[in-house]
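[1] Have a look at this prediction, sequence included:
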Amino acid sequence: MRRQSKRKHARTFVGVLLAIGAGGAALAATTPASAPGAAPVPAKAAVAAKSSAHLPGYNPDRNAYFGDLHVHTGLSFDAYIFNVRATPDDAYAFAKGSTIGHASGFNIRRAGGPLDFTAVTDHSEYMGSMREANDPNRPLSKSPLVQGLFSTDPKAIRAAFDKVVSLSHAGQMPKEFSAPDVAGRAWTDVKEAAARNNDPGRFTTFVAYEYTSAPDGRNLHRNVIFRTAKVPTLPYTSTMSNNPEDLWRTMDAWRAKGIDVLAIPHNSNGSDGLMFEQTKRDGSPMDRAYAELRMRNEPLAEITQIKGTSEVHPSLSPNDEWSNFEIMERYIGSNHPVTKFHGSYVREALKDGILMQETKGFNPFKFGFIGSSDTHNAAPGSVEERNFFSKVGRSDGTPALRGSVPPNGAKEWPADTPDSAHATGPYQAWGASGLAGVWAEENSREAIFAALRRKETFATSGPRIRLRFFAGYDFPDDLAKHTNLVHEAYAKGVAMGSDLKPSAGKAPKFLIWGVRDPNSGYLQRAQIVKGWVENGKAREQVFDVACSDKLALNKTTWRCPDNGAGVNLATCEPDRFKGDVELRTLWTDPTFKPNQRAFYYLRVLENPSCRWSTWDALRNGTPPNPTLEKTIMERAWSSPIWYEPKA
Amino acid sequence: MSEASEPPRSWMRRLAREPLLRFLLIGAVLFAGMTLAKSLQRPVVRIDAQELNQLAAYWEVQSQRPPTKTELAGIIQDRIDEELLAREALRLGLDKNDMIIRRRLAQKMSFATDDAADAGEPTEAELRAYYAKTADQYAAPARVAFQQAFFSGDRPHGGAEKAAAQALERAEESGREDPTGDPFLFPLSYDDVPLPDLLRDYGTEFVKLLQTAPIGAWQGPVLSPYGWHIVKVTARHQGSAASFDSVRPQVRDAYLNDRRKAKNAAYLRDLRARYRVVVAGVDK
């Protein structure tokens, strides 16, 4: 994949923007009050002057910015094996709305408009080695390992991937694949692309990488994100240590040298209970120092991405009717089934965390939420159901490969079609999911990184659903009707990701607000997920708190009536006039006990819509795979607010 | 058959006197001689000192120590075997119709042409001319400052549009008081926002109104994906072009990319002209 291909597309896109700009300019010139370069009209002069130090779009009450903090390019060993040749520049071009090439030869582009920020997070292990192994002018191409590594055949690709992963797990990858000069060239490309594409006020990039630890194949991957261009000479990789505690200590050392950084774990669903195990990695008991080390370095968790959603598992939360969402029950990178769900899902981890806070006085699992794609196609935000090409290059680049159309060009599904637990590949169980939302004053590295740090973040399953979530004791009862409610909520309460101080007898009120994505469905219900400690046990409950279509909330069951929204599976058209543009309410917790430690997070559900596999089938003129869900309910999750009864 | 009546001897003699046959005979003798000579001179497989050193060095990188004599002999034997097999495969034409070999050759050729396309640093004049052609790429987008009141699309029976129209009327009458509508999750007042952001978040109708509305007067109502709005534009900033000096590195990158792409395309065009391409089922 050569770089020049993206130029033309970038220009096309900028051309569109310019057309808008030029229109504005031409019209402005006809209006005396806003001649080019003139000061703004007097009424706003004071505010404008004060904000001149800020970037365009600055908002003291913060804007929602959407991005992807988990993106692989051809610099990742696996992506390269999957035939992906796209560069970090291509990834940023895609994020900004340009068209790039897919490994399978077709063009790809986001339908829902550009993203606001992106971090390219290539695997630090063997970073950049495969492109050199495939370049006859590089010594690495003479390595015997290279034999058969770069096939275009999906079966041979799988074999090549398995070969490298098994060598890697056995610690037997030839050393030259981790040579500092090879990694150094790749890391320079990563840094330079981030610098070239960072455009404060319009588009933010981060220098970043993925630390790819998986003891015995149990996933402990995390993305490491740097705040500024000041980064270490080379990444700290899992070949140096696969114990994340060593990564965090290294990050502490970087921070001491002025290199600010945070890590975001992902795919706890593929960790087989390891990601949120309740001991240190060596099996010894956790302590306060461990909890502080972890939380200092990992304020967030990526709870949804293409390889499944890790919020909650049906077996852990049998009373949550919406828990069965894009569940993926295999190890990462192999077909090994996951058997330990406890320790693999974030709701359970949050519960374990507050219980530890109660019994031991520290909480190692006090994290906020984001989503991201984990695309290996250098395609940030490619998580749109009707525009989905999955994520591992040529391996799942066609509907047949990802199990959404019948095999061998058939028109019907064979009776023995395997379900996701038995399918040859994992791809049919993967979801078109994972977008990161942050609340920041402006679109800059500093402002967005600060939002990540204070957990004022939310995750979505792909759409740009915007969520506001505040808690406080002194909100006026009609706050949800005030036009300046956000300003008041910041002044009188705390935002998502924060601690709520001990109550002086009053139950907290929660301001809940979700707004739909114009390119996606209407909203059906807003829910509060509460976890709390009672009699030495962590418990949970899901409360519907706002219903669409003016439906009345049942305050005994805390459920909205069914709004009856459906989808025509022949066209994927949703029913008209169902669901709301926004759900907004002020909710008081009726079960609140001042002495009970608790957390609350907001979950907002869309009306049902076609899953990507149904869209694939529709375009192919064949029925959807009978073993898969035909529709899903897209959703968004806020970071939690923790109620801390003792100061 | 008509010559069957002639005596066989005279027919043979005539044939022997035929110059073409003589020529062919002499040719056959020469060919046999050359083939014999060729088979006496066998082709050579030569591993030179440079390659030997390279083989030993790769081995050393992998094993972290130099090879022993026996190991070196093994490495050399492997290399010779590989060469023999490869040459035999070539002799038997096994490289024909092999997708992997074809791809590899094509890739090597494209690397070579890519390098050839790198024809040195562009001149200042070339860069300035290129910038003049593509300046629009580097322009900052137009921005706008405005206030708005919002009337939620969730209001029943089209109530939002009516409420927006009434609020606009009141605002025009009073001329001073800012109208209030429903709470809105987006800012009700933007100091300085790029139009492309608004296009993405509110849609074309909304942006069109912001581009055309007179400064300082409430306008609308206009429909967005969320409901109805009335807006008052307070300032517009036109998009500005970036100076050549501020974007020189980007211009250079783009210029080199464009030039490489053009040269590669031209090379392929020339190549194509040297071949007749026939594709089954496709008429010329």
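    Right, received. Where do you want to start? Numbering: from 1, shown residues only, chains lettered A, B, ... in the order given.
[2] so where do the helices sit in chain A?
    Under the criterion DSSP state H, chain A contains helices at A:4-30, A:42-50, A:77-81, A:88-95, A:129-133, A:154-169, A:180-197, A:244-256, A:288-297, A:346-360, A:445-453, A:485-492, A:612-620.
[3] Out of those helices, flag the one nearest chain B.
    helix A:4-30 (3.0 Å; Cβ to the nearest Cβ). Heads up, the C-betas are built off the backbone N, CA and C, glycines and all.
[4] before we move on, back to that, reformat the helices of chain A as TSV; add mean pLDDT and distance to A:Ala111.
    Output for the helices of chain A, formatted as TSV (pLDDT from 0 to 100; distance: least, Cβ to Cβ, whole Å):
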stretch	mean pLDDT	distance to A:Ala111
helix A:4-30	39	13
helix A:42-50	39	35
helix A:77-81	97	23
helix A:88-95	97	12
helix A:129-133	96	30
helix A:154-169	92	26
helix A:180-197	97	21
helix A:244-256	98	36
helix A:288-297	98	36
helix A:346-360	97	29
helix A:445-453	98	24
helix A:485-492	97	29
helix A:612-620	97	12
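[5] okay if I get these as TSV plus mean neighbour count?
    Compiled in TSV, the helices of chain A are given as follows (neighbours: other Cβ atoms under 10 Å in any protein chain shown):
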stretch	mean neighbour count
helix A:4-30	18
helix A:42-50	14
helix A:77-81	27
helix A:88-95	27
helix A:129-133	25
helix A:154-169	17
helix A:180-197	18
helix A:244-256	17
helix A:288-297	16
helix A:346-360	21
helix A:445-453	20
helix A:485-492	18
helix A:612-620	22
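[6] ok, and what's touching stretch A:468-485?
    Stretch A:468-485 has contacts (Cβ atoms under 8 Å, 6 or more residues apart in numbering or on different chains) with A:458, A:486, A:488-490, A:492-496, A:498, A:500, A:503-504, A:506-514, A:584-586, A:600-602, A:638-639, A:641, A:643, B:180-185, B:188.
[7] Just send the helices of chain A back as a markdown table, with distance to B:Ala217 too.
    As requested, the helices of chain A are exported to a markdown table (distance: least, Cβ to Cβ, whole Å):
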| stretch | distance to B:Ala217 |
| --- | --- |
| helix A:4-30 | 14 |
| helix A:42-50 | 12 |
| helix A:77-81 | 54 |
| helix A:88-95 | 38 |
| helix A:129-133 | 58 |
| helix A:154-169 | 61 |
| helix A:180-197 | 39 |
| helix A:244-256 | 52 |
| helix A:288-297 | 52 |
| helix A:346-360 | 50 |
| helix A:445-453 | 33 |
| helix A:485-492 | 26 |
| helix A:612-620 | 45 |
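[8] how about the helices in chain B?
    For chain B, the helices defined by DSSP H occupy B:8-17, B:19-40, B:49-63, B:69-91, B:99-117, B:124-134, B:159-174, B:195-202, B:204-212, B:248-273.
[9] Deepest-packed of these, please.
    Sort the helices of chain B by mean neighbour count, taking mean count of other Cβ atoms under 10 Å in any protein chain shown, and helix B:195-202 sits at the top with a mean of 22.
[10] pretty sure A:Glu245 is touching A:Met286, no?
    No - in this structure, A:Glu245 is not within contact of A:Met286 by Cβ atoms under 8 Å, at 10.6 Å.
[11] Around chain B, pick out the residues from the stretch 401-550 of chain A.
    Residues of the stretch 401-550 of chain A that fall close to chain B, judged by Cβ under 8 Å from any Cβ of the partner chain: A:466, A:468, A:480-486, A:513, A:515-516, A:518, A:550.
[12] Buried ones among the residues you listed?
    Buried members of those, counted by 16 or more other Cβ atoms under 10 Å in any protein chain shown: A:Arg466, A:Arg468, A:Ala480, A:Leu485, A:Val486, A:Trp513, A:Val515, A:Arg516, A:Pro518.
[13] Mind picking the lowest-pLDDT entry from the residues you listed?
    Within those, A:Pro518 has the lowest pLDDT, namely 91.
[14] Could you pull up the residues touching that residue?
    Shown in contact with A:Pro518 (Cβ under 8 Å, 6+ apart): B:Asp201, B:Gly203, B:Ser224, B:Pro225, B:Tyr226.
[15] List, out of the residues you listed, those positioned next to chain A.
    B:Asp201, B:Gly203, B:Ser224, B:Pro225, B:Tyr226.
[16] out of those, which is most surrounded?
    Compared across these, B:Tyr226 has the highest neighbour count, 25 neighbours, by other Cβ atoms under 10 Å in any protein chain shown.
[17] how near is the residue nearest to it when sequence neighbours are not counted to A:Thr483?
    In space, B:Tyr226 comes closest to A:Val581 once its chain neighbours are excluded; the distance is 5.1 Å by Cβ to Cβ, 6 or more residues apart in numbering or on different chains. Separation of A:Val581 from A:Thr483 (Cβ to Cβ, to the nearest Å) stands at 16 Å.
[18] cool, and A:His313?
    Per Cβ to Cβ, A:His313 is found 41 Å from A:Thr483.
[19] quick one on the thing from earlier: same list (the helices of chain B) but as a markdown table, adding mean pLDDT and distance to A:Leu115.
    A markdown table is the format used below for the helices of chain B (pLDDT from 0 to 100; distance: least, Cβ to Cβ, whole Å):
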| stretch | mean pLDDT | distance to A:Leu115 |
| --- | --- | --- |
| helix B:8-17 | 73 | 87 |
| helix B:19-40 | 84 | 67 |
| helix B:49-63 | 82 | 42 |
| helix B:69-91 | 91 | 49 |
| helix B:99-117 | 78 | 31 |
| helix B:124-134 | 90 | 24 |
| helix B:159-174 | 90 | 30 |
| helix B:195-202 | 90 | 10 |
| helix B:204-212 | 95 | 19 |
| helix B:248-273 | 87 | 21 |
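[20] For the residue in the stretch 51-200 of chain A that chain B sits nearest to, give me its contacts.
    Residue nearest to chain B within the stretch 51-200 of chain A: A:Gly113 (4.1 Å; Cβ to the nearest Cβ). Residues in contact with A:Gly113 (Cβ under 8 Å, 6+ apart) are A:Gly97, A:Asn519, B:Arg200.
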